[in-house]
Each structure stands twice: as structure tokens, then as C-alpha cells.
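Participant: Build me a structure from this.
(one chain, ligands or ions: 2)
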Amino acid sequence: MSDRIVGIDLGTTNSLVAFMEGETPVVIPGEDGSNLVPSIVALDGGNHTIIGNAARNFLIETPERAIYSVKRLMGRGAEDITEELKLFPFRLADDMQAGEVLRIQLGERSYTPPEISALILRQLKRNAERFFGEAVTKAVVTVPAYFNDAQRQATKDAGRIAGLEVLRLVNEPTAASLAYGLDKKKNGIVAVYDLGGGTFDVSILKLHDGIFEVISTNGDTHLGGDDIDNLLIAIALDDVKGDMGIEVRRSGEAVQTIRKAVIEAKIALSSQATTHLDVELPGGHRYQREITREMFEQLVQPVLDRTVGPCKQALKDAGLKPEQIDEVVLVGGSTRIPKVRQLVKELFQREPHIDLNPDEVVALGAAVQANILSGGSVATENMLLLDVTPLSLGIEVAGGVTDKIILRNSTIPASATQHYTTQVDGQANVAIHVLQGERELAKDCRSLARFDLKGIPPMSAGMPRIEVKFLIDANGILHVSAREQRSGKEAEIEVQPSYGLTDDQVESMILDSFDYAEEDFRQRQVIEAQREADTILGALEKAKANAVWAQLRTDERKQIGKLEKALIAVKAGSDYQAILKGIETLNQATMRLAELMMDGAVTTALKGKNMNDTGVGEGPTAPHPMAEAEFE
Ligand code: ADP
Ligand code: MG
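Facilitator: Numbers count the residues shown, from 1 in each chain. Ligands and ions are numbered 1, 2, ... in the order given. The predicted structure follows:
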């Protein structure tokens, strides 16, 4: 087995895996040729898991069997996610008991968030293994800079369940800076602006002697490309109601069709000045309109404005003025929008780096870090990556008050010590309640863990000297120890977050995934092939209704009919290679049909008619466009 280490961006909307090819980080594409694996997991009718692009349709057709945005639930408990439950269609497991680890219902099964993330990681691992032709077992995985201890633990757990040893968790902004090789500049201040699908993060990094330090982070966990999509959808729904007098707001299918179309329009407007929206609605209705970039920019301005406050706050927390920023890095698919680039430039008074794809840059940086860990890079061999703890950490003291031990925005690894004593004469046990947050009262902070220091010999109140030590390691994981110094009694824990998984739970999930792995894999290949066959057969059905079908020679039509029957026959079986072969031959045979349809489409378009009537986008051999769009 090789010692190869891959870099993984486990994103809310999209996930990617990358590796170092010589001196250059490169993204590894999936079987469908796409670099991005949408972070969507679905269960098909036979309870096989489907990941990524292939899972998209489930979100529309059987939403109770699909999940997206699971990153929002990582390392969190039922009581932390009320907001997420309002905004996203997460379904808690039917049989979940209060206080139990969070589980999500997917069809008849239920999964913890780390298990769902593990399915995405396994897909990335498989993509890498197919690419290299050998097993891949080690990875560097990125996490948002603001991820707390529990969220980091949950991400590591996901890696273990997926059969990946997570050698290092790296903050996303740090990874993005590494991808641009900013470490080579030795010194300076870097601002990283990350506008993704549903989250916005801004981080200020300080680079000294080639070492990165995150000095502040800010953001909004409910702000991103989805908000832009929703604005466009709202306009479309209003138009449809106003101009056409039909109300489709309650039709899930119609809304999803509109969503898909507006996302395509949004993406088009990042590179062109105007775009045409054209949506076939159920019931034979058709909605069309032009959108200019100018209109689009006006519409999304309020969304973009919401990123300004967090940027200013991050600068303030870092004690810096915009003119002190030396480098600006753009991250996240939504920063492809020209107006976003302009805003960032104005905010930080710098031209941002745009050479790398903003939705790939984090994975590329993870690959750079992986290379450093494997000793592959001599130049950066001794480089340390310093990150920051996003929230203060402390313990509960008498009166239910929070006593902070490590302050927010401290560079990690970090450690700090405080001394305490007892309240009551002869007190033998002290309860240590570990807290995270900025609030004064323990009840308002997040409870991370509790443990007791026991067996303190009898002393009068105030006599014992209890040293509490907090240590955050390079992965951002907290270790807490307490020691009564007169007696030498001590207790310590590596913080297992209150809502995290126990080691045993993780262990059994790993075993489960091994049990199912091979079978899952075989079945997935068959299902994927069957789905592809359905697509081509469906397209052929439509093409037969088209006028050009009659232009084919009789023998051509016969041959196609024969191959169609053959494909339907093999599709019913479970030999995926035979299915792929059938698809391939049918594709070949329908080549001329597709060409004819294409010609027809062009002529029709010239006559000012609707291109969609010709079914051109759906001809049997038309390649499927790899939209980067989201269906959320
Ligand atoms: P995340 O970090 O949340 O997983 P990404 O960085 O992949 O997500 O960003 C996904 C978002 O970027 C989606 O909202 C998608 O629609 C948007 N996006 C992708 N390409 C473009 C583009 N060319 N123009 C505008 N938005 C885009
Ligand atoms: Mg991202």
C-alpha cells in the first residue's frame, strides 16, 4: 500500500478530493468527469446509497430518502439545531430518544451526521482509488475555521468510518492560502473571503516567516448562493402568477424545475451580460424572460451587503485597517460573480487572487498540506500551520458563572492553566464542567463535557489548590486535565463532546461499513448503469416523436429498435458491463439521428421557434452538461 495522502474539502454544498502532481495540486474527477461531488446522499428503493450528482434527482422525487447540507449537523445535538430544522428539510430519526446522538431518517434507515459525511468521504476515496488504481487510506480534511471541538471530532469520526485516517484537520482559509502558495511570501496579512452555497466565512490570516496564523474569523452560517437562487425563484414565481395567472408555489416539481433554471441563469450571468430564462412548467405551461446582469446585480445587492458587516468585524477583531491587508483570496463558487469580486476589492482595497477556481481552491490547499505532511515538499518541510480557536473555552465556577481559560481567537496549538479551590470544608470531589462560548453564565454557553476530580483528601474550604489545564492540539481538539496539587490527585479527559459519538459507536460504524462495502459497491455500479440506460432510452422515446425520425432509413430505424430492445433486456439484469455495452452501441447507432435533430433545431431556432420543441437538449447522443448548479 502506498503512503499517498490526499487532500479533501468536505463542503456543505460540494466536496472534492485533490492530490499533488509534482509541484502542482490537482483535483481528481469522479467517474462522471465532474470535479465537484455534490454533498448529497440518497437511498434508492433497494436501500443502496447514492452519492453526489446521481443523488440529485432523489431530492425532487423522493425527498424523504435524500439529504443535503449535512455538514450543518456535524457535531451538534438536537437542541443546537432548531434553527437548521426550520430552514432545511432535515428529518430526525423516528425513534430518537432525548439526549441521544443525533440521527437523521433516510427512508427506513437512520444515520448519524458523521455516517452521512462518511458516505461522501467514501465516494471521494473511491474516486481517488479509481484514479490511482490503488488503495487510498490517508487524508487531510478541511473544516471551517469556526468549527468547534465537537464539529472537528465529528469530522474525524466521519473519516474513520469511511476508512480514512485523517492525519490533519486544516482550516479552510488556511488551505486556500496554501493553494496560492502565499506561504512563500514569508510575511504579510491575508484576507480570505469564502461565499459558498449556504455559508459565508471571512478570515484574516497573518503570515510570519512562512507560518500562517488565523488571527480572526467571522461570517454567517446562513448566507450564500442559495439565497441568491431563492431571490430569483421568488421573482419567477411572481411572474408566473402575475403574467400567466398560475400558482405553482405549492408544486414541488415546478419549484425545483424553476430552481434548476435560475441556477443555470445565475451561472451564465457570471460570464455573460444577459441570459434567457426558459422553463417548461408542468401542465404544458412555459415561462420565459430575459435577465440582464444589471438586473441581477441589483437583485442580489442586499445579499452581498450582508457580507460587509462580518468582514468589518473580522478586521476589527484583528486590529487591522483594510489598507493593511496584503493579499485577498476568494473562495467558494459564489465568488465567481463579478459583483462579489468588485465588493471584495472595495472592502479590502486589493485586487483579489482569482487564478484558481474558487470552488476548488480549498481542496487544492488540502493537497498541498498533505504533501507537506508526507515530507514530499522540501521547501515547506518545517512549515507549521497555525490556526485559531473560534470561541472561548473555560469551565463553570461557583454560582453558575463561566470562567474563560483559553480566549477566543487564540492561536492553536494553545494551552493555558488556571487555579481553583473548594467551597465546602472536607469537599472530596470537584465537578469540572467544560464550556465553550462568550457568555458570562454557564447556562448560556455550550456544554462540551463534564468530569469529576475525585478523592481529594479532607481539607478546609479554600485549602486545596486545583490546577485546571486546557490544551488544544494541532487538530483543534481539546484536552482538559485537573490536578489537586497538594495531594497529587488528578483526572483528565480528551473532550468527547456531549453530543459526539463514543469510540465504541464509531468502531461499530466502521465495522458496519466494512460489512456493506463490497456489496454496496457492486450494487451501485449496476444502479448507475441502469440509470444511464433509462436516460438514453427516455431520450430515444422523445426522439421518435420528432419529425426527423421519419428521415432515417428503414434499416436505421430497425437497427435502433433492435438495440433498444436489447438494452431494455440487459437493463433488467445485474450485469453492469453488459448494460454499459448496450448503452454504448445504442449511442453509436443513434449518432445520425442526433445530428439530424441538431440541424433541425438550428433551423427551427433561426425561424424564431422554440428550440426545446425539437428536444435537442435530449437527443440520444447529446452529452449531459455537467452543471455546477445546486438543487437545494
Ligand atoms: P460549499 O463551500 O458551500 O460546499 P461551493 O464553494 O462549491 O460550496 O459553492 C457552491 C455555490 O456556488 C452554489 O450556490 C453555486 O450555485 C455557486 N456557483 C457555482 N458556480 C457559480 C458561478 N459561475 N456563478 C455564480 N455562482 C456560482
Ligand atoms: Mg467551501
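Participant: Now the phi/psi pair for residue 427, please.
Facilitator: Main-chain dihedrals, residue 427, degrees, to the nearest 10: phi -60, psi 120.
Participant: Use 48 as the first number from now on
Facilitator: I'll keep to 48 as the first residue from here, and by that count the last item is residue 474.
Participant: Contact partners for it?
Facilitator: By C-beta atoms under 8 Å, 6 or more residues apart in numbering, the contact set of residue 474 is 503, 508, 511. Where you see a C-beta, it was placed from the backbone N, CA and C, and this is true even at glycine.
Participant: Looking at neighbours, which among those residues is most surrounded?
Facilitator: residue 511 (23 neighbours; other C-beta atoms under 10 Å).
Participant: Surely that one touches residue 500?
Facilitator: No: with contacts counted by C-beta atoms under 8 Å, residue 511 stays clear of residue 500, the gap being 9.4 Å.
Participant: which stretches of the stretch 298-447 of the chain form helices?
Facilitator: 299-316, 340-352, 355-365, 385-395, 408-420 (DSSP state H, counting those that start in this stretch).
Participant: any idea which of those is most buried?
Facilitator: Ranked by mean neighbour count, these are led by helix 408-420 with a mean of 28 (mean count of other C-beta atoms under 10 Å).
Participant: Any residue of that one touching ligand 1?
Facilitator: No: using C-beta under 6 Å from any ligand atom, helix 408-420 stays clear of ligand 1, with a minimum separation of 7.4 Å.
Participant: Then stretch 216-227?
Facilitator: No: judged by C-beta under 6 Å from any ligand atom, stretch 216-227 stays clear of ligand 1, getting no closer than 8.0 Å.
Participant: how much distance is there from that stretch to the middle of the chain?
Facilitator: 15 Å (C-alpha atoms, centre = their mean, to the nearest Å).
Participant: Run the contact check for it versus ligand 2.
Facilitator: No: residues of stretch 216-227 are not located near ligand 2 by C-beta under 5 Å from the ion, the shortest gap being 6.1 Å.
Participant: picking that back up, with distance to residue 322 and mean pLDDT added, can I get the helices of the stretch 298-447 of the chain in CSV?
Facilitator: Compiled in CSV, the helices of the stretch 298-447 of the chain are given as follows (distance: least, C-beta to C-beta, whole Å; pLDDT from 0 to 100):
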stretch, distance to residue 322, mean pLDDT
helix 299-316, 4, 92
helix 340-352, 8, 97
helix 355-365, 27, 95
helix 385-395, 14, 97
helix 408-420, 26, 94
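Participant: Next, the contact list for residue 473, please.
Facilitator: 505-507.
Participant: do the same with residue 166
Facilitator: 88, 96, 98, 158, 209.
Participant: Same check on residue 322?
Facilitator: Residue 322 neighbours (C-beta under 8 Å, 6+ apart): 312, 315-316, 337-338.
Participant: Which residue, other than its chain neighbours, is closest to it?
Facilitator: Excluding the flanking residues, the one nearest residue 322 by C-beta to C-beta, 6 or more residues apart in numbering is residue 315, at 4.1 Å.
Participant: so how far is residue 178 from the one you found?
Facilitator: 30 Å (C-beta to C-beta, to the nearest Å).
Participant: same question, residue 402
Facilitator: 24 Å.
Participant: Enumerate the residues of the stretch 348-497 of the chain near ligand 1.
Facilitator: Residues of the stretch 348-497 of the chain lying near ligand 1 (C-beta under 6 Å from any ligand atom): 379-381, 383-384, 406.
Participant: Of those, which is the nearest to residue 634?
Facilitator: residue 406 (30.3 Å; C-beta to C-beta).
Participant: Next, the contact list for the nearest residue to residue 52 once chain neighbours are set aside, please.
Facilitator: Closest residue in space to residue 52, ignoring its immediate chain neighbours: residue 417 at 3.9 Å, by C-beta to C-beta, 6+ apart. If you count contacts by C-beta under 8 Å, 6+ apart, residue 417 has them with 52-54, 66-67, 185-187, 214.
Participant: from those, which is closest to ligand 1?
Facilitator: residue 54 (14.8 Å; C-beta to the nearest ligand atom).
Participant: residues in contact with the spatially closest residue to the closest one that is not a sequence neighbour?
Facilitator: Counting by C-beta to C-beta, 6+ apart, residue 54 lies nearest to residue 413, which is 2.8 Å off, once chain neighbours are set aside. Residue 413 is in contact with 53-56, 65, 186-189, 217, 222, counting by C-beta under 8 Å, 6+ apart.
Participant: Out of the residues you listed, list just those in strands.
Facilitator: 53-56, 65, 186-189, 217 (DSSP state E).
Participant: coming back round to it: okay, and the common contacts of residue 511 and residue 500?
Facilitator: Joint contacts of residue 511 and residue 500 (C-beta under 8 Å, 6+ apart) are residue 531.
Participant: hang on, residue 584 packs against residue 615?
Facilitator: Yes: with contact defined as C-beta under 8 Å, residue 584 counts as touching residue 615 (6.8 Å).
Participant: Between these two, point out the one with more neighbours.
Facilitator: residue 584 (17 against 12).
Participant: Just say helix, strand or coil for that one.
Facilitator: helix (DSSP: H, G, I helix; E, B strand; the rest coil).
Participant: how far away is it from residue 268?
Facilitator: Distance from residue 584 to residue 268, by C-beta to C-beta: 43 Å.
Participant: So which bits of stretch 210-220 are buried?
Facilitator: Buried residues in stretch 210-220, counted by 16 or more other C-beta atoms under 10 Å: 210-211, 213-220.
Participant: just those residues now: which is nearest ligand 1?
Facilitator: residue 219 (8.0 Å).
Participant: Okay, that closest one and residue 484: tell me how far apart.
Facilitator: For residue 219 relative to residue 484 (C-beta to C-beta), the value is 22 Å.
Participant: Same check on residue 594?
Facilitator: 67 Å.
Participant: How far away from the center of its chain is stretch 356-372?
Facilitator: That offset, for stretch 356-372, works out to 26 Å (C-alpha atoms, centre = their mean).
Participant: got the CA coordinates for it in PDB?
Facilitator: C-alpha atoms of stretch 356-372 as PDB (Å, rounded to 0.1, in the frame of the first residue of the first chain):
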ATOM      1  CA  GLY A 356     -20.600  43.500   8.400                       C
ATOM      2  CA  PRO A 357     -18.700  40.200   9.100                       C
ATOM      3  CA  CYS A 358     -15.700  41.500   7.100                       C
ATOM      4  CA  LYS A 359     -15.500  44.700   9.100                       C
ATOM      5  CA  GLN A 360     -15.900  42.800  12.300                       C
ATOM      6  CA  ALA A 361     -13.100  40.400  11.300                       C
ATOM      7  CA  LEU A 362     -10.800  43.400  10.500                       C
ATOM      8  CA  LYS A 363     -11.700  45.000  13.800                       C
ATOM      9  CA  ASP A 364     -11.100  41.800  15.800                       C
ATOM     10  CA  ALA A 365      -7.700  41.500  14.100                       C
ATOM     11  CA  GLY A 366      -7.000  45.100  15.000                       C
ATOM     12  CA  LEU A 367      -6.300  46.000  11.300                       C
ATOM     13  CA  LYS A 368      -7.400  48.600   8.700                       C
ATOM     14  CA  PRO A 369      -8.300  47.500   5.200                       C
ATOM     15  CA  GLU A 370      -5.100  49.100   3.800                       C
ATOM     16  CA  GLN A 371      -3.100  46.800   6.000                       C
ATOM     17  CA  ILE A 372      -4.300  43.700   4.000                       C
END
